[in-house]
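Visitor: Give me a model of this one.
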Amino acid sequence: MTPERDDVQMPFRARLRADRDRGFTLIEMLVVILLLGTLAAIAVLATTKFRKSSTTSACTTDVRSDMLALDQYKTKYSQYATSTSTLTTEKLINNLEESSAYKITYAPNGTFTDYTLTVKVPETEAGAAPGDILTKDSTQAAIKTACTG
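Guide: Numbers count the residues shown, from 1 in each chain. Below is the predicted model:
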């Protein structure tokens with residue numbers, strides 16, 4: 001019996017136990033990978049939800065500010081602007097907001113006593129959104145609905 005060969009002298013069960021204590025089994029590794037994958041999927045879903053929510057909030061804020069700018073213009077000139085370039089010249093708005101998430105279009109009526117804002121949200125899972133039309137009397141709920149798509 002030499003000291004270098006202690007593992008040979010160990011009983012068979014003791015050697016198996018010693019080998020098992022050295023690392024993880026394949027099953028344990030697969031369970032850990034499965035749990036990490038599940039957590040990553042949940043995080044991606046939560047991030048997507050918050051991104052959509054922030055886009056809706058930004059769109060709603062932009063529509064409200066455009067409506068306020070149009071009302072300020074009407075207060076000053078007793079009619080609504082003839083075009084978006086008139087609003088830009090008056091420095092009421094830089095331009096009607098357009099982002100990758102939505103597009104807002106301004107259209108006055110023929111006598112410039114009323115207007116419509118069209119909010120177009122790009123294609124969704126169901127297909128192309130036609131665009132919701134808002135007027136000066138649109139409620140906050142209608143604005144949020146238009147921005148949601």
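Visitor: next structured bit after the longest helix along the chain?
Guide: Counting by DSSP state H, the longest helix found in the chain is helix 26-77. Later in the chain than helix 26-77, the nearest helix or strand by DSSP states H and E is helix 84-89.
Visitor: residues of that next one that come out buried?
Guide: Thr84, Leu87 (16 or more other CB atoms under 10 Å). (Each C-beta comes from the backbone N, C-alpha and C, glycine too.)
Visitor: distance between it and the chain's centre?
Guide: The chain centre lies 30 Å from the centre of helix 84-89; the measure is CA atoms, centre = their mean, to the nearest Å.
Visitor: other SSEs contacting it?
Guide: helix 26-77 (3 or more CB pairs under 8 Å, 6 or more residues apart in numbering; DSSP states H and E).
Visitor: quick check, distance from the helix it packs on to the centre of its chain.
Guide: The answer for helix 26-77 is 3 Å, by CA atoms, centre = their mean.
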